[in-house]
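K.L.:
I'd like to go over a predicted model; first the sequence, then the structure.
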Amino acid sequence: MKSPLCSYFLLGYLIFFTETFLTLNTSFAYRYPSHQNLFAPPEILVSKWIPDSERDYLDETTWDLDWNDKIDTEAIQVSGFGTHEYIISQHVAAILIECRAQYPVEWEFHNSHYVLEDLHGITMKTFRHSNNVLDSTGDTYSASLQISVESNKATGNYSCRSTQNEQLSQTVFIYWEGNSPPYLVLSGRVLEIDVKPGSTSAQIPCYVSNPTASVNLFKEIGGTFKETQKDIKFDPKSGFLMNFHNISDAIGRYRCVSGEDGDDEMDVVEAVIKLEEKGTCKEKECFNHQVSPGTSFYFDKNTDELVCCGKGGSGSTNKKQTRLHTLPCWHPSICRMYEPAMYLISGSNGKRSNNGSCVTEKIYPRDYGLVRCKGDGIDVITYVYTEFWTVEQEYLRAVFDWRQLNAQNMVHLMIHAHSPYYDNQMVTATCQTLHSYFSDGIKWGIKWSNGSVSHFDCKRF
């Protein structure tokens with residue numbers, strides 16, 4: 001699924017009238033971004049970083065205070081042609097990488113499906129920069145990638161791409177040393193690699209968090225692992241590429257071992273290469289959207305709950321339990337990064353009903369994320385969006401398509417004072433967006449009594 005708000009931007013506008021008292025108006029509209037300069041690729045640069053000595057102080061309240069904008073070449077090395085390579089040493093606790101373009105862009109982490117359990121320290125945001133919120137002429141866009149992972153699992157390929165044209169992209173490979181060794185990012189894992197009939201090659205993803213780390217490949221022969229690296233190419237960004245034209249028998253069990261003598265027993269990845277059996281599938285390939293008669297998935301506005309119901313009940317002989325799993329997100333790009341996890345989930349974090357065939361999960365205003373409803377006769381993966389609750393609404397509203405959201409309810413505006421508002425009175429107003437809101441880009445503006453309007457980027461004016 002594509003990020004829900006990739007091509008649209010919700011514009012917010014606040015107007016103060018400086019006369020006898022103040023009044024407040026808001027207006028919102030969907031707007032297509034400008035199509036000028038669409039052929040220039042995005043620009044990627046390391047913006048700021050935090051040294052490892054400050055790791056204990058990393059939290060949301062201090063990030064804006066502790067960033068260092070002077071790049072230390074010993075801590076952060078930039079190299080490579082075509083695909084840029086960033087080597088981030090253990091001296092770095094967090095890094096901020098920015099992508100800028102004349103069109104909307106977002107980040108994508110291509111290795112996320114390997115390390116779904118270690119993505120907590122990887123965050124992505126998108127921004128729209130405008131001189132006039134009511135006129136998109138000259139608008140520019142950016143996307144930020146923040147990494148603050150202690151392990152080496154943040155290593156991998158990242159792309160900043162246009163949300164409208166995937167060919168307009170820039171890729172960077174990040175070697176994130178973290179707490180290495182081990183240097184093998186998938187150390188300790190046993191991977192199954194299915195080879196389709198007619199395939200001419202297979203990749204063993206023994207990629208590393210430091211490009212200088214040595215990796216040797218062994219194959220199990222007669223119960224013993226023997227080194228077999230002849231005619232097998234190694235790339236620290238992707239692992240070993242096995243060309244079947246040069247290998248007589250590629251099927252078998254392999255070990256990738258980092259280090260000259262394999263002295264770190266934990267720095268090992270095992271891979272089993274086997275022929276794919278007819279009719280087998282994995283992860284996303286196995287998913288088959290299904291809503292059979294007698295099953296249902298919906299939002300109950302009376303209880304503010306998602307409801308997932310499979311066939312059967314407490315008296316049924318059916319042993320296939322109904323499962324409902326929700327995965328909250330803080331931004332559409334992050335949801336996209338976690339999407340592969342939905343095809344692997346087997347458990348449920350919902351509350352089971354008395355009859356056993358239904359599972360429910362309560363949701364709240366501003367909630368946004370991925371949902372999987374799976375049971376006998378039903379399997380659904382979708383996004384769910386809620387709006388801000390307003391006093392005019394009797395019920396919380398939740399939808400499964402962002403186009404059904406009410407624009408007015410995507411932004412919550414609050415005045416921290418009681419009307420009427422008088423001259424020289426200090427009035428505080430706050431503006432909060434839904435988690436599904438794609439780009440930060442709200443402008444504050446003051447419309448003066450002479451009709452002129454002043455715009456402000458800062459949080460306070």
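P.N.:
In hand now; what should we look at? Numbering: from 1, shown residues only.
K.L.:
Which strands or helices does the longest helix anywhere in the chain pack on?
P.N.:
In the chain, with assignment by DSSP state H, the single longest helix is helix 332-338. Under the contact definition 3 or more Cβ pairs under 8 Å, 6 or more residues apart in numbering; DSSP states H and E, helix 332-338 sits against strand 105-109, strand 122-129, strand 368-375. (Glycine included, C-beta is placed from N, CA and C.)
K.L.:
Now mean pLDDT, distance to residue 303 and mean neighbour count too, for these, in CSV please.
P.N.:
Shown next, in CSV, are the helices and strands packed on helix 332-338 (pLDDT from 0 to 100; distance: least, Cβ to Cβ, whole Å; neighbours: other Cβ atoms under 10 Å):
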stretch, mean pLDDT, distance to residue 303, mean neighbour count
strand 105-109, 93, 35, 25
strand 122-129, 89, 32, 20
strand 368-375, 92, 16, 23
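K.L.:
how does this structure divide into domains?
P.N.:
9-176, 197-275, 284-404 (automatic domain parsing).
K.L.:
Minimum distance to residue 455: which of those has it?
P.N.:
domain 9-176 (6.3 Å; Cβ to Cβ).
K.L.:
Tell me how many other residues surround the residue lying closest to residue 178 once chain neighbours are set aside.
P.N.:
Leaving aside its chain neighbours, residue 178 sits nearest to residue 152 (4.1 Å; criterion: Cβ to Cβ, 6 or more residues apart in numbering). Neighbourhood size, residue 152 [other Cβ atoms under 10 Å]: 27.
K.L.:
how about the closest residue to residue 200 other than its chain neighbours, what does it touch?
P.N.:
Nearest non-adjacent residue to residue 200, counting by Cβ to Cβ, 6+ apart: residue 244, 5.3 Å away. Going by Cβ atoms under 8 Å, 6 or more residues apart in numbering, residue 244 touches 199, 200, 201, 202, 250.
K.L.:
what about residue 244, distance to residue 198?
P.N.:
10 Å (Cβ to Cβ, to the nearest Å).
K.L.:
element containing residue 257?
P.N.:
In this assignment (DSSP states H and E), residue 257 forms part of strand 252-258.
K.L.:
Direction included, what does that strand pair up with?
P.N.:
Using DSSP bridges, the strands paired with strand 252-258 are strand 215-221 (antiparallel), strand 268-275 (antiparallel).
K.L.:
so what pLDDT did the residue nearest to residue 178 get?
P.N.:
Among the per-residue scores, residue 152 holds a pLDDT of 91.
K.L.:
quick one: secondary structure of it?
P.N.:
Recorded secondary structure, residue 152: coil (DSSP: H, G, I helix; E, B strand; the rest coil).
K.L.:
pLDDT-wise, which helix or strand of this structure ranks last?
P.N.:
Least confident helix or strand of the chain, by mean pLDDT, DSSP states H and E, is strand 9-10 with a mean of 34.
K.L.:
So for this structure, the centremost residue is which one?
P.N.:
The residue lying closest to the centre of the chain (Cα atoms, centre = their mean) is residue 334, at 2.0 Å.
K.L.:
how about the nearest residue to that residue, chain neighbours excluded?
P.N.:
residue 124 (5.6 Å).
K.L.:
mind listing what that neighbour touches?
P.N.:
106, 107, 143, 144, 145, 146, 331, 333, 334, 337.
K.L.:
Save these as TSV, and put in distance to residue 456 too.
P.N.:
Output for those, formatted as TSV (distance: Cβ to Cβ, whole Å):
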residue	distance to residue 456
106	26
107	27
143	23
144	21
145	27
146	25
331	24
333	26
334	28
337	32
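K.L.:
Relative to residue 153, how far out is the residue nearest to residue 270 when sequence neighbours are not counted?
P.N.:
The spatial neighbour of residue 270 that comes closest, neighbours along the chain excluded (Cβ to Cβ, 6+ apart), is residue 190 at 4.5 Å. Going from residue 190 to residue 153 by Cβ to Cβ gives 17 Å.
K.L.:
Looking at those two, which is more packed in?
P.N.:
Taking other Cβ under 10 Å, residue 190 and residue 153 do not tie; residue 153 has more neighbours (23 against 12).
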